[in-house]
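Asker: Compute the structure for the input listed below.
(one chain, ligands or ions: 2)
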Amino acid sequence: MTLVLTDPGLLETRCLVDGVFVGEAVDAVENPATGALIARVPRFGAAQATQAVDAAAKAFKPWAAKLAKERSIILRRWFDLIIANREDLALILTAEQGKPLAEARGEIDYAASYVEFYAEEAKRINGETIPSHRPDARIIVTRQPVGVVAAITPWNFPAGMITRKLAPALAAGCTAVVKPAPETPLSALALAVLAQRAGIPAGVFNVITGDAPAIGGVLTSHPAVRVVGFTGSTEVGKLLMRQSAGTVKKVALELGGNAPFIVFDDADLDAAVEGAMISKFRNMGQTCVCANRLYVQGGVYDAFVAKLAQKVAGLVVGDGATANVTQGPLITAEAVDKVERHLADATAKGARVVVGGKRHALGRTFFEPTVVSGVTRDMAVAREEIFGPVAPVFRFETEAEVIAAANDTEFGLAAYFYSRDVGRIFRVAEGLEYGMVGINSGLLSSELAPFGGIKESGNSREGSHHGIAEFVDIKYLLVGGLDR
Ligand SMILES: NC(=O)c1ccc[n+]([C@@H]2O[C@H](COP(=O)([O-])OP(=O)(O)OC[C@H]3O[C@@H](n4cnc5c(N)ncnc54)[C@H](O)[C@@H]3O)[C@@H](O)[C@H]2O)c1
Ligand SMILES: O=C[C@H](O)CS(=O)(=O)O
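Answerer: Ligands and ions are numbered 1, 2, ... in the order given. Below you'll find the model as predicted:
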């Protein structure tokens, strides 16, 4: 399906370095639903990454010197332009990432909400005074922008993961170099076009595509880069952390997940099924906060599995650009292979496919939305991020048992549970070792809340006023001699 935009200028295929779109079209960007070539983007490497960082370093002081209100106005203009171009941005996103258009529109709204929020937060990066320990001196604490930020982002939310870093960074007065995922660079480049139109000055926001290890090598070692913001797999996050040690950079990590989704006997079962559907099947199961393990208490296990399977059977698989499609393709054929491996492992160890369970008749990167029951902790789906449309349902009997099972992972990003018992709600919420817990809800992401994980799911928070902390240095001023 040809990409027809109201503003063709948003299909930018060059990189943005120091306010100029540059680079030759080399690396293919393909539609995961059809395999069709959408565009080609530059294959930049270390040299161009260095140029981008140098441009960001040059732009830092003038950008930081602007009044907070001036940055706020420019960011608000960027927000207005994103909303005004929502449909084109959603079409680009669906074309390169595959999610249904309705979800892509939702992601553009979500991405824009961070720009809107931090356009306001820019004016509230306050300092403080602290009662002094000396009569002749005063203690002042200020918060100043760190400088150049490197942002490396994933393919599953190609717009939201950009603005969730860029908005607070720019609001704080930092400048940035963004390396988007090779599967989905066009959303980042379209956002860069709109950022330029909004008046974000040359060098403040740079986007480079190409050789990830070579670019990452520069972003994690260049002395001008103060913060490396990374959203992606835990494996790559650990690598970038190691590479950043040489120059003691702050590394803000948003990594993988393995979310438990727990349904107690006292839950509102229909609400739990609804929550499981959105938590599991949003973006075809390709989100870091997807329900990865569904634990259902014995008393409602069979009823829950039956209700869930009925809902899953009603999902419509197809090209995300087609109306009424609710499940698009997975991002690559390799992603389908991984899902197939997980299912084969589970069924070989005794799990039962209740609905779905195989590659979709559409072929290529399409997979049938699937529910498996009788799942046990020795199966790969209990330990690994599935990142596909498969809902493995475990049975449990007691509260203590399920909290222990839910915490039995190196990950700690999101967890969910359904109960209407207030004592249980507090016991389980406090017992779960996760950065975020959805209680009687399968969706918890908002720009108003601190998004992030613990353990090997990451160490940073994005969104809310907490999201600024990654991009400012706290400076302590002792003002003495006040008695002379
Ligand atoms: N915690 C969160 O907020 C969050 C959000 C979205 C995705 N994720 C996680 O991201 C993963 C899926 O995304 P993905 O497949 O793009 O992850 P990935 O780690 O493979 O890639 C993420 C980014 O890192 C880049 N990259 C890969 N190797 C690199 C290297 N050696 N040097 C520099 N950059 C490198 C990639 O090009 C991409 O831009 C999942 O694990 C998912 O859970 C987490
Ligand atoms: O995949 C990770 C994203 O952070 C998902 S969400 O849209 O923020 O929930």
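Asker: How confident was the prediction at the nearest residue to T142 once chain neighbours are set aside?
Answerer: Among residues not flanking T142 along the chain, G127 sits closest, at 4.2 Å (C-beta to C-beta, 6 or more residues apart in numbering). The way it works is simple: take the backbone N, C-alpha and C, and place the C-beta from them, glycine included. Looking at G127, its pLDDT is 98.
Asker: for the one 3 residues further on, same thing?
Answerer: Taken from the predicted model, the pLDDT recorded for I130 is 98.
Asker: got it, and T2?
Answerer: pLDDT, T2: 73.
Asker: Find out how far stretch 5-22 is from the centre of the chain, if you would.
Answerer: Distance of stretch 5-22 from the chain centroid (C-alpha atoms, centre = their mean, to the nearest Å) equals 23 Å.
Asker: end to end, how far does it reach?
Answerer: One end of stretch 5-22 to the other measures 22 Å (C-alpha to C-alpha, to the nearest Å).
Asker: can you start the count at 12 instead of 1 from here on
Answerer: All right, first residue 12 from here; so that's stretch 16-33.
Asker: what is the mean pLDDT for it?
Answerer: Averaged across stretch 16-33, pLDDT comes to 98.
Asker: mind listing the helices for the chain?
Answerer: 57-76, 79-95, 97-108, 112-132, 171-183, 196-209, 223-230, 245-255, 280-292, 312-324, 344-359, 391-394, 410-418, 433-442 (DSSP state H).
Asker: Now do the second one: which elements does it pack against?
Answerer: Contacts of helix 79-95 with other secondary structure elements, assessed using 3 or more C-beta pairs under 8 Å, 6 or more residues apart in numbering; DSSP states H and E, are made with helix 112-132, helix 171-183, helix 196-209.
Asker: in that helix, what counts as buried?
Answerer: Residues of helix 79-95 classed as buried under the neighbour-count rule (16 or more other C-beta atoms under 10 Å) are 79, 82-93.
Asker: That helix relative to helix 171-183, how many degrees between them?
Answerer: When axes from the mean of the first three to the mean of the last three C-alpha atoms, to 10 degrees is applied, the directions of helix 79-95 and helix 171-183 differ by 160 degrees.
Asker: Next one: the most centrally placed residue in the chain from G46, what distance?
Answerer: Centre of the chain computed as the mean C-alpha position; nearest residue by C-alpha atoms, centre = their mean is M172, 4.5 Å away. Note on M172: its distance to G46, by C-beta to C-beta, to the nearest Å, is 24 Å.
Asker: ok, now A180?
Answerer: Per C-beta to C-beta, A180 is found 35 Å from G46.
Asker: Can you verify my assumption that E114 contacts R293?
Answerer: Yes - between E114 and R293 there is a contact under C-beta atoms under 8 Å: 6.8 Å.
Asker: got the contact list for the residue nearest to the centre of the chain?
Answerer: By C-beta atoms under 8 Å, 6 or more residues apart in numbering, M172 lies in contact with T164, P165, T242, E265.
Asker: The same query, at a cut-off of 10 Å, please.
Answerer: Counting by C-beta atoms under 10 Å, 6 or more residues apart in numbering, M172 makes contact with 118, 122, 125, 162-166, 189, 191-192, 195, 198-199, 240-243, 265, 299, 473.
Asker: With G138 instead?
Answerer: G138 makes contacts with I151, V152, T153, R154, Q155, V483, I485, K486, Y487, L488, as judged by C-beta under 10 Å, 6+ apart.
Asker: got these as TSV, with distance to V33, neighbour count and pLDDT columns?
Answerer: Shown next, in TSV, are the contacts of G138 (distance: C-beta to C-beta, whole Å; neighbours: other C-beta atoms under 10 Å; pLDDT from 0 to 100):
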residue	distance to V33	neighbour count	pLDDT
I151	43	14	98
V152	41	13	98
T153	37	14	98
R154	34	18	98
Q155	31	16	98
V483	31	21	98
I485	37	11	98
K486	36	11	98
Y487	42	10	98
L488	42	12	98
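Asker: Next step: these restricted to strands.
Answerer: I151, V152, T153, R154, Q155, V483, I485, K486, Y487, L488 (DSSP state E).
Asker: Next, format the helices of the chain as CSV and append mean pLDDT and distance to V28.
Answerer: Output for those, formatted as CSV (pLDDT from 0 to 100; distance: least, C-beta to C-beta, whole Å):
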stretch, mean pLDDT, distance to V28
helix 57-76, 98, 5
helix 79-95, 99, 19
helix 97-108, 98, 21
helix 112-132, 98, 22
helix 171-183, 98, 16
helix 196-209, 98, 10
helix 223-230, 98, 12
helix 245-255, 98, 21
helix 280-292, 98, 39
helix 312-324, 98, 46
helix 344-359, 98, 31
helix 391-394, 96, 41
helix 410-418, 98, 45
helix 433-442, 98, 46
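Asker: Pick the most deeply packed of these.
Answerer: Most buried of the helices of the chain by mean neighbour count (mean count of other C-beta atoms under 10 Å) is helix 171-183; its value is a mean of 29.
Asker: Quick check: closest non-adjacent residue to R97.
Answerer: I119 (4.9 Å).
Asker: Which residue does the stretch 12-161 of the chain have closest to ligand 1?
Answerer: Of all residues in the stretch 12-161 of the chain, A161 sits closest to ligand 1, at 9.5 Å by C-beta to the nearest ligand atom.
Asker: Who are the contact partners of that residue?
Answerer: Taking C-beta under 10 Å, 6+ apart, we find A161 in contact with 60, 63-64, 67, 176, 180, 187-190, 217, 226-227, 229-231, 233, 235-241, 251, 255, 260, 262.
Asker: Was I right to think I94 contacts A101?
Answerer: No - I94 is beyond contact range of A101, at 11.4 Å (criterion: C-beta atoms under 10 Å).
Asker: Now do the shared contacts for those two.
Answerer: I119, D120.
Asker: Tell me the residues on the chain that lie near ligand 1, please.
Answerer: Proximity of the chain to ligand 1, by C-beta under 6 Å from any ligand atom, involves residues 163-168, 172, 190-193, 223-224, 227, 242-244, 247, 250, 265-268, 299, 396, 424, 464, 469.
Asker: and those, which are buried?
Answerer: Using 16+ other C-beta under 10 Å as the burial test, the residues of the chain next to ligand 1 include 163-168, 172, 190-193, 227, 242-243, 247, 265-268, 299, 396, 424, 464, 469 as buried.
Asker: near ligand 2, which residues of this structure show up?
Answerer: Counting by C-beta under 6 Å from any ligand atom, the chain sits next to ligand 2 at N167, F168, G171, T298, C299, V300, S456, F462.
Asker: let's see 8 Å
Answerer: For the chain, the residues in contact with ligand 2 (C-beta under 8 Å from any ligand atom) are 118, 121, 165, 167-168, 171-172, 175, 242, 265, 268, 293-294, 297-301, 425, 454-456, 462.
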